[in-house]
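S.K.: Mind folding the following:
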Amino acid sequence: MTNHLRLLNLAGYFLIAAVWLLGMVTPPRGGLKLEFVLAYTGLLGGLALAERFAPPASAPMGRRIGWLAGELMLAALMVQTHGSLVRPALIYLLPASRALLLFGERPGLLASLSVWLAYTANIALVAWPDRLYEFPNYFSFLLGPDVVIVVLTLAALRQERDRRHVQQLYDDLRAAQEELQQLAVTQERNRLAREIHDNLAHYLTVINVQLEAAEKLGSERAERALEEVKRARRLAVECLREVRRSVAALRAASLEELSLPTALQKLASEFSQGTGLRIRLDAPPDLQVSPEAALALYRVAQEGLTNVQRHARATQLDLRLVTQDGFIHFTVEDDGGGPAGGDGYGITGLRERVELLGGSLTFGPREAHGSRLAATIPR
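M.R.: This is a model prediction of the structure:
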């Protein structure tokens, strides 16, 4: 409850106290008798308790209507007990204000009007027939205070409604911000996972091949084994450099200084030397693409080479890079035993990376013998 509504409730208790005090100062014509004091005080005490335990606006309609009718009955009994039509009738301001709090703006205004009609009926019955000429005076006397209390209650209700609306907007905004933060964290995790996988998987596969070859050579061909170990060490250093650069800038090392075709040529040459596979690259040397597209295609090439080394048992690979109708088409094909690797995490990560750029990625058997990894990205 806002401060405005608390003040309205507090004003109601002050009004009850003021009506009681006026009733004691100006008692009925018979004087201030004990039975009048007890009855009058009891009725006002009942009103105070009714105000204290007023139902909320969310209570069932029947309960709210019954409570409002009870307050009107207590107000009518006060008028009958005192015999005056002015001082005790001030208490009708309480149900007129409370009707708005119970039923909201439009229904509350109708309920307030019914309170005023009940007061009109009350003074008409008390004034009938000898004092009926006083009716206009009593009616106009309470009309002004009633309008004031209704307007003030409406203002408090609207202020409370606006406060709740602003609070709801704030809560929705905070919830949306938390969802966006969580989504950003998830996307960043996925991106880092793709970067680490695409870098480490490629280089560690080649290093493993180099060390395996050195192990097989053994002591009989120590010089050749040493050469393979040195090459594996160079690849390990390059892998470490790639990881550091991925963490710092998430870009491929060779793409920072070289064009995509040159970087692919360097990658194919190193992989061919390390594995003994024949790799043929077909790419226009002057091709210029965005850094994001270049990085994605470079990762496709890495994953394609790594997958072939792991699963395909191939002897030759073909890398082909062409542009057509505003798109870049890149394929990695081998002559091995088909896509035995399946859609593992590497392919899934690549597909996510390519789709983020508005492209598509497919992996499956080629028309001839072997497998085919194909990516298409808008230029």
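S.K.: Domains in this protein, by residue range?
M.R.: Per automatic domain parsing, the structural domains of the chain span 3-172, 255-379.
S.K.: Lowest mean pLDDT across the ones you listed, which one is that?
M.R.: Ranked by mean pLDDT, the domains of the chain end with domain 3-172 at the bottom, a mean of 80.
S.K.: The domains of the chain into CSV, with extra columns for mean neighbour count and distance to residue 234?
M.R.: (C-beta placed from N, C-alpha, C; glycine too.) Below are the domains of the chain laid out as CSV (neighbours: other C-beta atoms under 10 Å; distance: least, C-beta to C-beta, whole Å):
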stretch, mean neighbour count, distance to residue 234
domain 3-172, 16, 56
domain 255-379, 18, 9
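S.K.: List the single closest residue to residue 332 in space, sequence neighbours excluded.
M.R.: residue 304 (3.1 Å; C-beta to C-beta, 6 or more residues apart in numbering).
S.K.: what helix or strand does that neighbour sit in?
M.R.: helix 291-307 (DSSP states H and E).
S.K.: name the helices or strands packed onto that helix?
M.R.: Helix 291-307 sits against helix 135-217, helix 253-257, helix 260-275, strand 316-324, strand 327-334, helix 345-356, strand 371-378, with contacts defined as 3 or more C-beta pairs under 8 Å, 6 or more residues apart in numbering; DSSP states H and E.
S.K.: Alpha carbons of that helix, in CSV - could you do that?
M.R.: What follows is helix 291-307, C-alpha atoms only, in CSV (Å, rounded to 0.1, in the frame of the first residue of the first chain):
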residue,chain,number,x,y,z
PRO,A,291,37.2,-11.6,-41.4
GLU,A,292,34.2,-13.5,-40.0
ALA,A,293,33.6,-15.5,-43.2
ALA,A,294,37.4,-16.1,-43.6
LEU,A,295,37.6,-17.5,-40.0
ALA,A,296,34.6,-19.7,-40.5
LEU,A,297,35.9,-21.2,-43.8
TYR,A,298,39.4,-21.6,-42.3
ARG,A,299,37.8,-23.6,-39.4
VAL,A,300,35.9,-25.7,-42.0
ALA,A,301,39.1,-26.6,-43.7
GLN,A,302,40.7,-27.5,-40.4
GLU,A,303,37.8,-29.7,-39.3
GLY,A,304,37.7,-31.4,-42.8
LEU,A,305,41.4,-32.2,-42.7
THR,A,306,41.2,-33.4,-39.1
ASN,A,307,38.2,-35.6,-39.8
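S.K.: Tell me the pLDDT of the one residue sitting closest to the centre of the chain.
M.R.: Centroid-nearest residue in the chain: residue 176, 2.2 Å away (criterion: C-alpha atoms, centre = their mean). pLDDT, the model's per-residue confidence, is 84 for residue 176.
S.K.: next one: the helix holding residue 304 to chain centre, how far?
M.R.: 35 Å (C-alpha atoms, centre = their mean, to the nearest Å).
S.K.: Next, the angle strand 316-324 makes with it.
M.R.: Interaxial angle, helix 291-307 versus strand 316-324 (axes from the mean of the first three to the mean of the last three C-alpha atoms, to 10 degrees): 160 degrees.
S.K.: and the angle for helix 291-307 with strand 327-334?
M.R.: Going by the same axes, to 10 degrees, helix 291-307 makes 10 degrees with strand 327-334.
S.K.: now helix 291-307 against helix 345-356, angle please.
M.R.: Going by the same axes, to 10 degrees, helix 291-307 makes 160 degrees with helix 345-356.
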